[in-house]
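Colleague: structure for this input, please:
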Amino acid sequence: MCLAVPAEITEIGENSRAQVSIAGTVREACLDLVPEAKVGDWVLLHAGFAIQVLDAEAAAETLELLREGGVLG
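Modeller: Sure, this is the predicted structure:
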């Protein structure tokens, strides 16, 4: 099973690399597939790649469902 999780972009560096926060955990992500994304945006993150820009409401709803399902702490 594959899972993509909402992540908030906190910093964008060189070569389409970004720091993202997933429920408080910071990870590196590649923004090649969403070049329009900017700091403060929410993205769906799968295997280290941001695959879609989300609005904050959709991100919050998805994170809550993941918490309820025990996927996130």
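Colleague: in the protein, which spans are helices?
Modeller: 56-68 (DSSP state H).
Colleague: what's the weakest-modelled helix or strand in this protein?
Modeller: helix 56-68 (a mean of 91; mean pLDDT, DSSP states H and E).
Colleague: and it, C-alpha only, in CSV?
Modeller: Taking C-alpha atoms only, helix 56-68 is exported to CSV below (Å, rounded to 0.1, in the frame of the first residue of the first chain):
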residue,chain,number,x,y,z
ALA,A,56,-4.8,24.0,4.4
GLU,A,57,-8.3,22.7,5.2
ALA,A,58,-7.8,19.5,3.1
ALA,A,59,-4.3,19.0,4.8
ALA,A,60,-5.8,19.4,8.3
GLU,A,61,-8.6,17.0,7.5
THR,A,62,-6.3,14.4,6.1
LEU,A,63,-3.9,14.7,9.1
GLU,A,64,-6.8,14.2,11.5
LEU,A,65,-7.9,11.1,9.7
LEU,A,66,-4.4,9.7,9.8
ARG,A,67,-4.2,10.4,13.5
GLU,A,68,-7.6,8.7,14.1
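Colleague: give me the contact list for that helix.
Modeller: With CB atoms under 8 Å, 6 or more residues apart in numbering as the test, helix 56-68 has contacts from 5-6, 8, 23, 42, 54, 72-73. (C-beta placed from N, C-alpha, C; glycine too.)
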